[in-house]
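> Just a sequence and a predicted model for now, questions to come.
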Amino acid sequence: MHQIENCHGGTLNDSVYGKRMSGEGKIAKQINDLVKIARLKYFKNKSRQKLNTSLHEQYKDGQLKLF
């Protein structure tokens, strides 16, 4: 928990848009570097699949159905 606090300037969460999923400091940089290395190693020549929206049911009448 203290490592998360260190990444966000002493707080456990950050409500500022754009900062919530990123951090600052050495630990945040190490995590960022680790993800970059993993992408290069495992996903170097891979392309993303196109999002299939045909299975999504569209509701056009205001309130979304919960059940």
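Good, I have the coordinates.
> Count the residues that sit near residue 23.
19 (other CB atoms under 10 Å). C-beta: built from backbone N, CA, C; applies to glycine.
> what sits against it?
4, 7-8, 31 (CB atoms under 8 Å, 6 or more residues apart in numbering).
> farthest-separated two in these?
Within the contacts of residue 23, 8 and 31 form the most distant pair, 12.7 Å apart (CB to CB).
> When the two are compared, which one has more neighbours?
residue 8 (18 against 14).
> That one and residue 32: what is the separation?
Separation of residue 8 from residue 32 (CB to CB, to the nearest Å) stands at 14 Å.
> The chain: helices as residue ranges?
All helices of the chain, identified by DSSP state H, fall at 2-7, 26-42.
> List the buried residues for the longest one?
So that's helix 26-42. residue 28 (16 or more other CB atoms under 10 Å).
> who touches residue 27 in this structure?
By CB under 8 Å, 6+ apart, residue 27 lies in contact with 3, 6-7.
> who wins for neighbours among these?
Greatest neighbour count in those, by other CB under 10 Å, goes to residue 7: 20 neighbours.
> so where is the protein shaky, pLDDT-wise?
Residues of the chain meeting the criterion pLDDT under 70: 14, 18-20, 58-67.
> Residue nearest the middle of it, spatially speaking?
Nearest to the mean C-alpha position of the chain, by CA atoms, centre = their mean, lies residue 21 at 5.9 Å.
> From residue 44, how far off is the closest residue in space to residue 1 that isn't next to it in sequence?
Counting by CB to CB, 6 or more residues apart in numbering, residue 1 lies nearest to residue 12, which is 6.8 Å off, once chain neighbours are set aside. According to CB to CB, residue 12 and residue 44 sit 35 Å apart.
> Those two: which is more packed in?
The neighbour count for residue 12 versus residue 44, taken as other CB under 10 Å, is higher for residue 12 (10 against 7).
> Residue 5 is in contact with that one, correct?
Yes - contact criterion CB atoms under 8 Å: residue 12 and residue 5 qualify, at 5.9 Å.
> ok so, going back, of all the contacts of residue 23, which comes closest to residue 38?
Distance to residue 38 across the contacts of residue 23 (CB to CB) is lowest for residue 31, with 10.7 Å.
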